[in-house]
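Colleague: Quick one: sequence plus predicted model below, questions after.
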2 protein chains.
Amino acid sequence: MSVDRSLSPLFSPASLAHVGASERGTYPAEIFQNLLEWKGRLYPVHPSRSEIFSVPAYPSVSALPEVPELALVTVARQRVIPVVEECIACGVKAVVIISAGFAEADDYGRSLQRRLKELSSRIRIIGPNCAGLADVKNSFFMTRLFAKPRRGGVSFVSSSGALMMALFGSFAGRGIGLRYLASLGNQVDVCMEEVMDYYLDDPETTVLTAFIEGVGSGDSFVRLLQKAGRKRIPLVAVKSGRSELGSRIAATHTASLASSGRVFEAVFRQYGAILVDSPAQMLDVALLADTIGPPAGGRIGVISQSGGAASLTADLFSRYDCFSLPPIPESLELRLRRIEGIPDYARLLNPLDARGDAMRGEKIASLITAMGEGGSWDLLMLLFAKNPNREVEVQTVRGILAVRKQMKLPIVVVWIGEGDGGPDASQAFSMLKDSGIPLFHDPQPAVTALAALLRWSQMHKDRENCA
Amino acid sequence: MSVDRSLSPLFSPASLAHVGASERGTYPAEIFQNLLEWKGRLYPVHPSRSEIFSVPAYPSVSALPEVPELALVTVARQRVIPVVEECIACGVKAVVIISAGFAEADDYGRSLQRRLKELSSRIRIIGPNCAGLADVKNSFFMTRLFAKPRRGGVSFVSSSGALMMALFGSFAGRGIGLRYLASLGNQVDVCMEEVMDYYLDDPETTVLTAFIEGVGSGDSFVRLLQKAGRKRIPLVAVKSGRSELGSRIAATHTASLASSGRVFEAVFRQYGAILVDSPAQMLDVALLADTIGPPAGGRIGVISQSGGAASLTADLFSRYDCFSLPPIPESLELRLRRIEGIPDYARLLNPLDARGDAMRGEKIASLITAMGEGGSWDLLMLLFAKNPNREVEVQTVRGILAVRKQMKLPIVVVWIGEGDGGPDASQAFSMLKDSGIPLFHDPQPAVTALAALLRWSQMHKDRENCA
């Protein structure tokens, strides 16, 4: 009997059985409740209850009124194999197994996982020992949900379930819009490359992000990197287990064989994928790729409210050959001098030290328009220092938003001096995030992430020109 | 006539005249209002008003009922010289000049600054073109206040006024306690090294932080670094103007001659001061230095809620020769296995992948105590992934706080998955910050800052041994 190997039933099922759904227990109850938001046909399977959170429940998969496309399994490990066998017998196309205690655990778990491996020729399996997945666009949250995600074009696949769930909050906090998320656990069947490949085929995925402990095979991973390059979709990944100790930890974690760090680094470099050192760095690059996309070039125009931030940021850009900060043309200087708030005596360089007065409301709108139209930049960076007056910050953001629509240039905002995160503190920041303007709170990660994305862009542009 | 060159009248005056105090205008009004919290004798000087914010005002410095120790000047630049001359005539010991438009501006400004320079032989001057200063312990906020600061041992001096003010929010947000802050503007008299020297003589300053555009003289700066080393006070600095463009920007900003980046880097290395690339990195190191102090050694014990975070963090530590992650001793393994929530089958390595259940409330207290007592570590790092249940996070922090008092080991917390910063999201984080436990949201900056501080510690320990 052949089996449909497509991952569609996993990410976009029409119907779902949740075997192990319950009104108690962290995973069983929380995930089931999250699934209530989804528009598909949802069937809780429970040995004795007639309903779970008011949804009619059934004693087994075979007792359901239809064959579900997908089954989610959150039962104890010793009950997993019979459930999967029943799913196969009924014609269920795929299962996601959240239950843990398999090859990452002990001899009994390894024997269970060997049996799952055999069964995977007849059904697609994500897991075991994973934290589920999500199709954010369709509110299909088959996982615990640590923060409300935004919809967007960034897809994420993770070897680590805890990290995937934790990063819901980070993605949301950075204003990054998500398309798909998946955690793969022990990868008894569906592996990292296959999910990435599925994401690459999704027309709405614009950025691919990953936390990788190990991959199935070097060949398939290289083919995947090539495909991402052809599709001009940046792949931004954290790879753990690059050190000897890290790889031993990874082995106990998801029982994956972590490939050597140096090999990974070489492969990423060769195929123009972006390897970063930590989740925060991954988010930095993903944020830029999601909001402004890969920059067309490295000519940066900088407008700064603080001379100190301006000189520091010039230093940071100067470390990269790919960037240049061209001088302000004379015609632009004349135009800038007519803007109220620019001190008469200020020397107009790039970075433009515009002082505080010219950086809010209508004035910053004029400033951005003048800079945008009057110079040859590929990108404008705006540097602010936090103001104690929240209303001034909101006026500043309104000024930015008023002109950015007619601007062709991408804008990156660095706002130094993040406060204590109280609700009123973040209104200006929320406005930026909601408008798809990338926001950083320190120039160093902004410049570093821009450099990574620009190198990606240049590498794939060169390839295009050669083709 | 000789003049008392001490900086005490600047940072700890008994009495202060604010020349230019007003109920309107950003600097004049905001700073005056901030000064109302201070316990010293405060005299607004205003040409016509009889009171400012209900405080009796005087038409001139000479009309005051006493000679103030310090004068704060926020009048227009053309009125600054007469005010300073009057202060000298009255016997005022020092002035802080916030007014701008001097050497950073035009020919007229340069001539004004030359005159100030002459006057500085008869009175101490901070500025012009600065943003003031603060003695946090005594609520002496002679600056705009962008966020309520915590009291503590970190002193900060900045070439940039905007950065100093913006960083109030960052220091507070990171839970860093402050002692003194000062912004120096054009440094016509009091320079960077002199303020740093004043901080080093302050018994309550434990960490010295600085944003440096340029210094007065190489010799005095080297003497300062030597003194910081002798006093075992870490100096953590951002130096702007390290690149050619950055130094041109710095020149227009505070008219300071930015020294060459490479010279600075060499001097910092030689004298064991910590040079970082951005304000955020400065805060990372200052946070560790302020809370746990320089680590005694590089043997790190890691407890992680996420296997993925554990292997990634092992990678990050492995990049530095100064760190080691010693294995869990057998006796400790036996003890750990008795803790509820540690899965029977988990292999106990360091980093210890403790999974979620053993990482909250009383269980994490047992775990930390066992790890702390059972191994030879210099520091414990706790890695968490954000939980959707705020109450669970609070229980976790309560568990940490319950045992850390009897613990000799310093603890560093990395909590991945910062949310949107809503008020309920941050209760657990606030508890950590209020208890002086350093908190990071990504392992990379935590490991990088620890490495910088450990190298500092080892360098100065070696010196001690040789002495």
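Modeller: Yep, that arrived. Please read all numbers here as calculations on a predicted model, not as lab measurements.
Colleague: show me what contacts whichever residue of the stretch 51-200 of chain A sits closest to chain B?
Modeller: Residue nearest to chain B within the stretch 51-200 of chain A (C-beta to the nearest C-beta): A:Ser160, separated by 2.5 Å. Just so you know, the C-beta spots here come from the backbone N, C-alpha and C atoms, and that holds for glycine as well. Neighbour list for A:Ser160: A:183, A:211, A:213, A:240, A:253-254, B:306-309 [criterion: C-beta atoms under 8 Å, 6 or more residues apart in numbering or on different chains].
Colleague: got a markdown table for these, with secondary structure, pLDDT and neighbour count too?
Modeller: Formatted as a markdown table, the contacts of A:Ser160 follow (DSSP: H, G, I helix; E, B strand; the rest coil; pLDDT from 0 to 100; neighbours: other C-beta atoms under 10 Å in any protein chain shown):
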| residue | secondary structure | pLDDT | neighbour count |
| --- | --- | --- | --- |
| A:Ser183 | strand | 96 | 29 |
| A:Phe211 | strand | 96 | 24 |
| A:Glu213 | coil | 87 | 30 |
| A:Ser240 | coil | 89 | 31 |
| A:His253 | helix | 60 | 33 |
| A:Thr254 | helix | 60 | 28 |
| B:Ser306 | coil | 87 | 28 |
| B:Gly307 | helix | 86 | 28 |
| B:Gly308 | helix | 89 | 32 |
| B:Ala309 | helix | 92 | 32 |
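Colleague: Dihedrals phi and psi, A:Cys191?
Modeller: Phi and psi for A:Cys191, reported as degrees, to the nearest 10, are phi -110, psi 170.
Colleague: Surely it touches A:Leu184?
Modeller: Yes. If you go by C-beta atoms under 8 Å, A:Cys191 and A:Leu184 touch, sitting 7.0 Å apart.
Colleague: Show me which of those two is the more surrounded one.
Modeller: More neighbours surround A:Leu184 than the other of A:Cys191 and A:Leu184, with 30 against 20 (other C-beta atoms under 10 Å in any protein chain shown).
Colleague: Please confirm that A:Trp415 is located within a strand.
Modeller: Yes. Counting by DSSP: H, G, I helix; E, B strand; the rest coil, A:Trp415 falls inside a strand.
Colleague: burial count for it?
Modeller: Neighbours of A:Trp415 (other C-beta under 10 Å): 24.
Colleague: which strand residues sit across from it in the sheet?
Modeller: For A:Trp415, the beta-bridge partners under DSSP bridges are A:Phe384.
Colleague: Now do the contacts for it.
Modeller: A:Trp415 touches A:384-386, A:428-429, A:439-441, counting by C-beta under 8 Å, 6+ apart.
Colleague: Can you read off the backbone torsions of A:Ile292?
Modeller: Dihedral pair for A:Ile292: phi -100, psi -10, per degrees, to the nearest 10.
Colleague: And for it, nearest residue in space, chain neighbours not counted?
Modeller: A:Pro410 (3.6 Å; C-beta to C-beta, 6 or more residues apart in numbering or on different chains).
Colleague: separation between that neighbour and A:Ala385?
Modeller: Distance of A:Pro410 to A:Ala385, computed by C-beta to C-beta, to the nearest Å: 22 Å.
Colleague: three-state assignment of A:Asn186?
Modeller: coil.
Colleague: so it sits right up against A:Ala103, yeah?
Modeller: Yes. Here A:Asn186 reaches A:Ala103: they are 5.4 Å apart, a contact under C-beta under 8 Å.
Colleague: In terms of neighbours, single out the busier of these two.
Modeller: In terms of neighbours (other C-beta under 10 Å), A:Asn186 is the more surrounded of A:Asn186 and A:Ala103; the figures are 26 against 23.
Colleague: Now do the phi/psi pair for that one.
Modeller: phi -80, psi 0.
Colleague: where do the helices sit along the stretch 151-300 of chain A?
Modeller: Along the stretch 151-300 of chain A, the stretches classed as helices by DSSP state H, counting those that start in this stretch are A:161-174, A:192-201, A:218-230, A:244-254, A:261-271, A:279-291.
Colleague: Tabulate those helices (TSV), appending distance to A:Asp315.
Modeller: Shown next, in TSV, are these (distance: least, C-beta to C-beta, whole Å):
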stretch	distance to A:Asp315
helix A:161-174	25
helix A:192-201	36
helix A:218-230	32
helix A:244-254	32
helix A:261-271	26
helix A:279-291	19
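Colleague: Ok, which of those helices comes nearest B:Lys433?
Modeller: helix A:161-174 (17.5 Å; C-beta to C-beta).
Colleague: what about that closest one, average pLDDT?
Modeller: For helix A:161-174, mean pLDDT rounds to 89.
Colleague: Tell me the helices and strands packed up against it.
Modeller: Helix A:161-174 is packed against strand A:150-158, strand A:177-183, helix A:279-291, helix B:307-318, strand B:379-385, strand B:411-416, with contacts defined by 3 or more C-beta pairs under 8 Å, 6 or more residues apart in numbering or on different chains; DSSP states H and E.
Colleague: of all the residues in the stretch 101-250 of chain A, which ones are close to chain B?
Modeller: Residues of the stretch 101-250 of chain A lying near chain B by C-beta under 8 Å from any C-beta of the partner chain: A:101, A:104-106, A:109, A:144-147, A:158-160, A:162-163, A:165-170, A:172-173, A:211, A:213, A:238, A:240-250.
Colleague: Mind checking which of these are buried?
Modeller: Taking 16 or more other C-beta atoms under 10 Å in any protein chain shown as the criterion, what is buried in those is A:101, A:104-106, A:109, A:144-147, A:158-160, A:162-163, A:165-170, A:172-173, A:211, A:213, A:238, A:240-243, A:245-250.
Colleague: in the lengthiest helix in chain A, what counts as buried?
Modeller: If you go by DSSP state H, chain A has its longest helix at helix A:443-466. For helix A:443-466, a neighbour-count test (16+ other C-beta under 10 Å) marks A:443-460 as buried.
Colleague: so where's the stretch 301-450 of chain A uncertain?
Modeller: Within the stretch 301-450 of chain A, the stretches with pLDDT under 70 are A:343, A:345-346, A:356, A:388, A:419-425.
Colleague: And the stretch 151-300 of chain A, by the same measure?
Modeller: Residues of the stretch 151-300 of chain A meeting the criterion pLDDT under 70: A:250-259.
Colleague: Try it again at 90.
Modeller: For the stretch 151-300 of chain A, the stretches with pLDDT under 90 are A:162, A:165-166, A:168-170, A:172-173, A:213-221, A:240-269.
Colleague: Can you get me a residue count around A:Gln33?
Modeller: Neighbours of A:Gln33 under the rule other C-beta under 10 Å: 16.
Colleague: Then A:Lys408?
Modeller: 7.
Colleague: coming back round to it: reformat the contacts of A:Ser160 into CSV and put distance to B:Val75 next to each item.
Modeller: As requested, the contacts of A:Ser160 are exported to CSV (distance: C-beta to C-beta, whole Å):
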residue, distance to B:Val75
A:Ser183, 62
A:Phe211, 57
A:Glu213, 63
A:Ser240, 59
A:His253, 65
A:Thr254, 67
B:Ser306, 58
B:Gly307, 63
B:Gly308, 59
B:Ala309, 55
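Colleague: Closest one of these to B:His18?
Modeller: B:Ala309 (51.3 Å).
Colleague: Test my guess that the closest one contacts B:Gln444.
Modeller: No. In this structure B:Ala309 lies outside contact range of B:Gln444 using C-beta under 8 Å: 11.3 Å.
Colleague: Confirm for me that A:Ala365 is in contact with A:Val403.
Modeller: Yes. With contact defined as C-beta under 8 Å, A:Ala365 reaches A:Val403; the gap is 4.6 Å.
Colleague: So for the two, which residues contact both of them?
Modeller: Taking C-beta under 8 Å, 6+ apart as the contact rule, A:Ala365 and A:Val403 touch no residue in common.
Colleague: Could you pull up the residues touching the spatially closest residue to A:Pro445 that is not a sequence neighbour?
Modeller: Nearest residue to A:Pro445 in three dimensions, chain neighbours excluded: A:Asp284, at 4.8 Å (C-beta to C-beta, 6+ apart). Neighbouring residues of A:Asp284 by C-beta under 8 Å, 6+ apart: A:276, A:440, A:445-446, A:448-449.
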